[in-house]
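K.L.:
I need the structure of the sequence given here:
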Amino acid sequence: MSESVLLIGTSKGAVMARSDSARERWELEPLQLMMSSVYGLGIDRRRETPRLFAGATSEHWGPSLFHSDDLGRSWSEPEAAPVAFPAASGAALIRIWQVEPGLESQPGVVYAGAEPHALFRSQDGGITFELVEGLYNHPHRTQWQPGGGGACLHTIVPHPADPDRLLVAISSGGVYRTSDGGASWEPANRGIQAHWMPEGQRFPEFGQCVHKVSTHPSRPERLLAQNHFGVYRSDDYGTNWESIEHGLPSNFGFTLLVHPHQPDTAYVFPLTADYERLPPERRCRVYRTRDSGQNWEPLTQGLPQSDYHSIVLRDALTTDRADPAGFYFGTRDGEVYASQDDGDSWQLVASHLPDVLAVRAAVVG
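P.N.:
Numbering: from 1, shown residues only. Okay, the predicted model is just below:
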């Protein structure tokens, strides 16, 4: 019998929601990892029982990475800090922003994106991690600036067919990629505009503030990105990017998600601007494209359409990858919505939670 789980990271801990395979009614459990900000979530589906990850930052104990092997009913933390900078680096971990399992052919590999800007790699299923020094020692790193959320590596996109190829997104460094397993890295930002730069310098080699990158396993060369002003597509794995924002009410936002079964379908949650981080017209609308960004349509059924002021952060829109797929997003006013029809309609799953920072979902069993 299958079980559907929603892992919700908030500013005051993690919340589990459970349902059966129909995913129509959800039961929420009490907060876990109490009084920690949970920004980085991951689900490793390569195991018989998926391993859940939660990057939690306690104001008292600091940051750490917890894992659960019983679908969130209990959580464990290794005795030694699982993610830590080498002493010689002089750096200290501030937060874990992203947890991403490797390929099926790499059963023990798990990646973690951290603040300050760094990528870590585990070989033992996410219990211990080592710094990916090829990226940390890149000559551009000292020039990367913190974005509004911090100096974070927040997106990790493994190439589905080649374990040596990996792409990451950094605030505010831009998109970087490797083709040799992380030994060397190159920026991949051509065509992405940095609007805050002076005229004539708005297309730099690096320094763009990318907010999210997503792709589909069947078309790994095609990438979609939501930037700090700008929505883009690349058809050559980041060598060149083109704008696909026409038809959206705004080109600012944080999140972007490609459909797990339809490579031409993707979703964004637009916001008015960086200086007005509210939905356009104060309406809660997810926008969907079915043709990789040539056209966009608003999805509103079941969502508030007046006097709405909340937003969706970069990791708070997700899918469970089931067939048919479920889609979920959480907001900064503590609401979580779900759709079982590709976004045509939405239902409220949770309300009055703490500030929702990240959401992950899976149907297992």
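K.L.:
how about stretch 154-162: buried residues?
P.N.:
154-159 (16 or more other C-beta atoms under 10 Å). C-beta coordinates here come from the backbone N, C-alpha and C atoms, glycine included.
K.L.:
mark which of those are part of strands, please.
P.N.:
Members of those lying in strands (criterion: DSSP state E): 154-158.
K.L.:
looking at those residues, which is nearest E104?
P.N.:
Distance to E104 across those (C-beta to C-beta) is lowest for P158, with 10.5 Å.
K.L.:
what about that closest one, distance to D307?
P.N.:
41 Å (C-beta to C-beta, to the nearest Å).
K.L.:
check S179 too.
P.N.:
From S179 to D307 the distance is 49 Å (C-beta to C-beta).
K.L.:
mind checking the SS state of L135?
P.N.:
helix (DSSP: H, G, I helix; E, B strand; the rest coil).
K.L.:
before we move on, the earlier item: which of S179 and D307 has more residues huddled nearby?
P.N.:
S179 (15 against 7; other C-beta atoms under 10 Å).
K.L.:
show the contacting residues for the more buried one.
P.N.:
By C-beta atoms under 8 Å, 6 or more residues apart in numbering, the contact set of S179 is 162, 164-165.
K.L.:
can you check P50 too?
P.N.:
Neighbouring residues of P50 by C-beta under 8 Å, 6+ apart: 43-44, 71, 362, 364.
K.L.:
which one of the contacts of S179 sits closest to A350?
P.N.:
Of all those, R165 has the smallest distance to A350: 37.1 Å, by C-beta to C-beta.
K.L.:
tell me who's in contact with the closest residue to the closest one other than its chain neighbours.
P.N.:
Leaving aside its chain neighbours, R165 sits nearest to H159 (3.6 Å; criterion: C-beta to C-beta, 6 or more residues apart in numbering). By C-beta under 8 Å, 6+ apart, H159 lies in contact with 165-167, 220, 237.
K.L.:
closest one of those residues to S351?
P.N.:
L167 (35.5 Å).
K.L.:
using the three-state scheme, assign that closest one.
P.N.:
strand.
K.L.:
and the contacts of H159 as JSON lines, adding neighbour count, pLDDT and distance to S345?
P.N.:
Conversion of the contacts of H159 to JSON lines gives the following (neighbours: other C-beta atoms under 10 Å; pLDDT from 0 to 100; distance: C-beta to C-beta, whole Å):
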{"residue": "R165", "neighbour count": "18", "pLDDT": "98", "distance to S345": "37"}
{"residue": "L166", "neighbour count": "25", "pLDDT": "98", "distance to S345": "36"}
{"residue": "L167", "neighbour count": "22", "pLDDT": "98", "distance to S345": "33"}
{"residue": "P220", "neighbour count": "18", "pLDDT": "95", "distance to S345": "31"}
{"residue": "Y237", "neighbour count": "19", "pLDDT": "97", "distance to S345": "35"}
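K.L.:
okay if I get the residues you listed as JSON lines plus distance to F129?
P.N.:
Listed next are those as JSON lines, based on distance: C-beta to C-beta, whole Å:
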{"residue": "R165", "distance to F129": "20"}
{"residue": "L166", "distance to F129": "15"}
{"residue": "L167", "distance to F129": "19"}
{"residue": "P220", "distance to F129": "24"}
{"residue": "Y237", "distance to F129": "26"}
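K.L.:
list the contacts for D291?
P.N.:
D264.
K.L.:
ok so it is a strand residue?
P.N.:
No - using three-state DSSP, the secondary structure at D291 is coil, not a strand.
K.L.:
distance of it from N227?
P.N.:
Plainly put, D291 is 20 Å away from N227 if you go by C-beta to C-beta.
K.L.:
what of N137?
P.N.:
Distance from N137 to N227, counting by C-beta to C-beta: 26 Å.
K.L.:
neighbour-wise, which of these two wins?
P.N.:
N227 (29 against 12).
K.L.:
re earlier: next, format the ones in strands among the buried residues of stretch 154-162 as JSON lines and append distance to C284.
P.N.:
Below are those laid out as JSON lines (distance: C-beta to C-beta, whole Å):
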{"residue": "H154", "distance to C284": "23"}
{"residue": "T155", "distance to C284": "24"}
{"residue": "I156", "distance to C284": "28"}
{"residue": "V157", "distance to C284": "28"}
{"residue": "P158", "distance to C284": "32"}
